[in-house]
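S.K.: mind folding the following:
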Amino acid sequence: MPLLIAIVAVPTAYWTLIWAVQRNLLFPAPPASVGRRAPHDSVRVELSTPAGPMEAWFLPADGDPTVPGPAILFAHGNGEIIDYLPDTFDGARSAGFGVLLIEYPGYGRNPGRPTEASVRRVMTEGFDWLATQPEVDPERIIAYGRSLGGGAVGALLTQRRPAAVILQSTFRSIRHMARRLLVPGFLVRDPFDTIHSLTQHAGPLLLIHGDRDDVVPIGESEALHAAFPDSEYVVLPCGHNDCPTSWPEHWEMVLGFLARHGVQAQADVR
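M.R.: So this is what the prediction gives:
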């Protein structure tokens, strides 16, 4: 009998703990004090949500602002805030792409709590804001997510239709990732079912993953590519947090993918 009690009690206690702390593990938001304010050439945006206005930063494209061009809606990883990111997108901006950096609820200076539902809401609001800007062509909005941001992009796909999707170091679902921790799927509060959400996307898909990723195993992107064989799949010699997104070679790859699928930048960039 004591053995039977232990067999039941130990996993029950573990699962109870996981239920209580999983959002702290999934959303380890860095404090805003370690970041910095928006760059001088950016636009601070407030997106309306039930939890209050959510800060985002718009980085305008280089070039003629009177000519509507493409824009990237970017969702970052779970241990980042937008303060870290502007310099990363110099290559995209110089090629004529505007960039909207989405900040999650409860991250940076934003109110609220991060959940799949609240992240979906701010992603949708960000997409809609971009679509109304005179310098943005609403038919050329690209959704780009890194790590947890890939799940955020998946959540967006249940609501909106971007011209193209780019997922870097992303999982097929949090439920699948949780199995590595012996957590049954029904305990996952924010499943971010990326592989299912991608069925809503009929456009081009680029998958990028590092072959030494020990946080989100490369098998996750391999599974996404197997499920969507028309996707383009690029393996890089890096881990989870050291795959370069600021290097010119990275943007040559990404912009080449977009050009092959007709998502062109405006021609008259500086």
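
S.K.: so who does Gly149 touch?
M.R.: Residues in contact with Gly149, defined by C-beta atoms under 8 Å, 6 or more residues apart in numbering, are Phe74, Ala75, His76, Gly77, Gln168, Thr170. Where you see a C-beta, it was placed from the backbone N, CA and C, and this is true even at glycine.

S.K.: so it sits in a helix?
M.R.: Yes - using DSSP: H, G, I helix; E, B strand; the rest coil, the secondary structure at Gly149 is a helix.

S.K.: give me the distance between it and Ala131.
M.R.: 19 Å (C-beta to C-beta, to the nearest Å).

S.K.: Val67 too?
M.R.: Computed as C-beta to C-beta, the Val67 to Ala131 distance reads 16 Å.

S.K.: if we can go back for a sec, including pLDDT and distance to Gly203, could the contacts of Gly149 go into CSV?
M.R.: Compiled in CSV, those are given as follows (pLDDT from 0 to 100; distance: C-beta to C-beta, whole Å):
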residue, pLDDT, distance to Gly203
Phe74, 98, 17
Ala75, 98, 17
His76, 97, 22
Gly77, 95, 23
Gln168, 97, 17
Thr170, 97, 17
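
S.K.: in strands, which of those residues appear?
M.R.: Those of these mapping onto strands are Phe74, Ala75, Gln168, per DSSP state E.

S.K.: so the last one bridges to which residues?
M.R.: It stands for Gln168. Counting by DSSP bridges, Gln168 forms beta bridges with Arg146, Ile208.

S.K.: then Leu101?
M.R.: In this entry, Leu101 is beta-bridged to Trp57, Phe74, by DSSP bridges.

S.K.: pLDDT value on it, please?
M.R.: Per-residue pLDDT puts Leu101 at 98.

S.K.: what about the helices in this structure?
M.R.: Taking DSSP state H, the helices of the chain run over residues 2-26, 90-94, 116-131, 148-157, 174-178, 194-197, 218-227, 248-260.

S.K.: for these, which one ends up most surrounded?
M.R.: Ranked by mean neighbour count, the helices of the chain are led by helix 148-157 with a mean of 28 (mean count of other C-beta atoms under 10 Å).

S.K.: C-alpha coordinates for it, CSV please?
M.R.: What follows is helix 148-157, C-alpha atoms only, in CSV (Å, rounded to 0.1, in the frame of the first residue of the first chain):
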residue,chain,number,x,y,z
LEU,A,148,8.3,31.2,-28.6
GLY,A,149,7.6,33.9,-31.2
GLY,A,150,7.0,31.1,-33.7
GLY,A,151,4.1,30.1,-31.4
ALA,A,152,2.9,33.7,-31.4
VAL,A,153,2.9,33.7,-35.2
GLY,A,154,1.0,30.5,-35.1
ALA,A,155,-1.6,32.1,-32.9
LEU,A,156,-1.8,35.0,-35.3
LEU,A,157,-2.5,32.6,-38.2
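
S.K.: and the angle from it to helix 116-131?
M.R.: For helix 148-157 against helix 116-131, the angle by axes from the mean of the first three to the mean of the last three C-alpha atoms, to 10 degrees is 70 degrees.

S.K.: what mean pLDDT does helix 148-157 get?
M.R.: Helix 148-157 shows a mean pLDDT of 98.

S.K.: got any ranges where this structure has weak pLDDT?
M.R.: Residue ranges of the chain with pLDDT under 70: 1-21, 33-36, 244, 246-248, 266-270.

S.K.: at 50 what do you get?
M.R.: Residues of the chain that meet the criterion pLDDT under 50 lie in 3-10, 268-270.

S.K.: wait, Arg44 sits on Leu59?
M.R.: No - in this structure, Arg44 is not within contact of Leu59 by C-beta atoms under 8 Å, at 11.1 Å.

S.K.: the two: who's more crowded?
M.R.: Using other C-beta atoms under 10 Å as the criterion, Arg44 and Leu59 rank with Leu59 on top: 26 against 10.

S.K.: quick one: residues contacting the more buried one.
M.R.: Taking C-beta under 8 Å, 6+ apart, we find Leu59 in contact with Pro39, Asp41, Ser42, Pro86, Phe89, Arg93, Gly98, Val99, Leu100, Leu101.

S.K.: now that we have those, which of them are buried?
M.R.: Among these, those classed as buried by 16 or more other C-beta atoms under 10 Å are Ser42, Pro86, Phe89, Arg93, Gly98, Val99, Leu100, Leu101.
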